[in-house]
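Visitor: Got a sequence here, can you build the structure:
(4 chains)
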Protein chains: 2
Amino acid sequence: MQKNRNNNSIIEICPIRNIVARLGTKWALLVIVILSEQEAIRFSEMCKLIPDISSKVLSETLKTLEADGLVTRKVYPTVPPKVEYSLTDIGHSLVPIIQELTEWALKNMEAIMNNREKFEKTGKHEDK
Amino acid sequence: MQKNRNNNSIIEICPIRNIVARLGTKWALLVIVILSEQEAIRFSEMCKLIPDISSKVLSETLKTLEADGLVTRKVYPTVPPKVEYSLTDIGHSLVPIIQELTEWALKNMEAIMNNREKFEKTGKHEDK
DNA sequence: CTGCATCCTTATGGATACTG
DNA sequence: CAGTATCCATAAGGATGCAG
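Guide: Below is the predicted model of the structure:
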């Protein structure tokens, strides 16, 4: 955290940074995309769809998205418990932008990868 | 980094994640936006425009963007040295998407902030 | 089934000082 | 001027176990 520069910092008043900081976490966008593809999905289903994620990290991701109001969490007080997640309207409104970003990524990925390789080869970037 | 799961992981084959991982760093998008607003800009100018960033982090950010081919670095072999940074075509092509993301953020920021506050207060999700 | 409690490793960012 | 070199603090992510 910054110390006592709570108003002048360009980054603090920058809304985009605030948003991207959340969406830039490792799994957030993927979770949103998965949620956008179905009405609702259970926690365990999501775990299966993303094999590499631990339940701890998944629940953290979902909780953050829920806190931001992008995701809804619905609990069915059954035994065993059943919890369904779905996108809110705000969450849905983000999907097209993610799609554009995905298209951009797909379109430019090859060039980017080539560039990275070339860049690293020239020794400009350190490798340890 | 992952260990030896270089093919099965959904996240590894996900191009979007790869991209967002870079753009999601603290200053990357801001740097791109600043670069998009001028033809070229010197390192020291950039430092002044982002008072909170250290030169180390700025140069790291720029180096990563350069490695990806989003930013060009042009060195003038003068004394003292002069280095100018500017966006490449690929870099420019990303700007509209960033703008959309910014608009989305501005539009939904209030709702998001309200939700966060409410969420933190209740400790859990809100009551309807 | 859901997901928190722990503990741990690593990546990111920052402060400061110092060169070509 | 344009960075690097260190050293350090913190946060993100992951592994495992257990509880409601």
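Visitor: how would you label A:Arg73: helix, strand or coil?
Guide: Of the three states, A:Arg73 takes strand under DSSP: H, G, I helix; E, B strand; the rest coil.
Visitor: Mind listing the residues bridging to it?
Guide: A:Arg73 has these beta-bridge partners by DSSP bridges: A:Tyr85.
Visitor: ok, the residue of chain A found nearest chain B - contacts?
Guide: Per CB to the nearest CB, A:Gly24 is where chain A lies closest to chain B, at 2.2 Å. In short, each C-beta sits where N, CA and C put it, glycine included. Taking CB atoms under 8 Å, 6 or more residues apart in numbering or on different chains, we find A:Gly24 in contact with B:Val20, B:Ala21, B:Leu23, B:Gly24, B:Thr25.
Visitor: Test my guess that A:Asn108 contacts B:Ile90.
Guide: Yes. The criterion here is CB atoms under 8 Å, and A:Asn108 meets it with B:Ile90 at 5.3 Å.
Visitor: Give me the more crowded residue out of those two.
Guide: Ranked by neighbour count (other CB atoms under 10 Å in any protein chain shown), A:Asn108 and B:Ile90 place A:Asn108 first, with 21 against 17.
Visitor: Disregarding residues adjacent in the polypeptide, which is nearest to the spatially most central residue of chain A?
Guide: Chain A has A:Ala28 as the residue nearest its centroid, 1.9 Å off, counting by CA atoms, centre = their mean. Sequence neighbours aside, A:Thr61 is the residue nearest to A:Ala28 in space, at 5.7 Å (criterion: CB to CB, 6 or more residues apart in numbering or on different chains).
Visitor: next one: A:Ile10
Guide: That would be B:Ile50: by CB to CB, 6+ apart, it lies 6.0 Å from A:Ile10.
Visitor: any idea how far DNA strand D is from that neighbour?
Guide: B:Ile50 sits 13 Å away from DNA strand D, taking CB to the nearest atom of the strand, to the nearest Å as the criterion.
Visitor: what's around A:Lys74, how many residues?
Guide: Residues near A:Lys74, counting by other CB under 10 Å: 12.
Visitor: Also A:Pro77?
Guide: Neighbourhood size, A:Pro77 [other CB under 10 Å]: 6.
Visitor: What number of residues are in the vicinity of the closest residue to DNA strand C within chain A?
Guide: Residue of chain A nearest DNA strand C, by CB to the nearest atom of the strand: A:Ser44 (2.6 Å). A:Ser44 has 12 neighbouring residues, counting by other CB under 10 Å.
Visitor: next one: A:Ile50
Guide: The tally of other residues near A:Ile50 (other CB under 10 Å) stands at 19.
Visitor: Per-residue pLDDT of it, please?
Guide: pLDDT recorded at A:Ile50 is 93.
Visitor: With adjacent residues omitted, what lies nearest to A:Val75?
Guide: Using CB to CB, 6+ apart, the nearest residue to A:Val75 is A:Val83, at 5.3 Å.
Visitor: Hmm, I typed the wrong one, I wanted A:Ala67.
Guide: Nearest residue to A:Ala67, sequence neighbours excluded (CB to CB, 6+ apart): B:Phe119, at 4.2 Å.
Visitor: quick one, the helix or strand containing that neighbour and helix A:89-121 angle?
Guide: Taking DSSP states H and E as the criterion, the element that holds B:Phe119 is helix B:89-122. Angle of helix B:89-122 versus helix A:89-121, following axes from the mean of the first three to the mean of the last three CA atoms, to 10 degrees, is 130 degrees.
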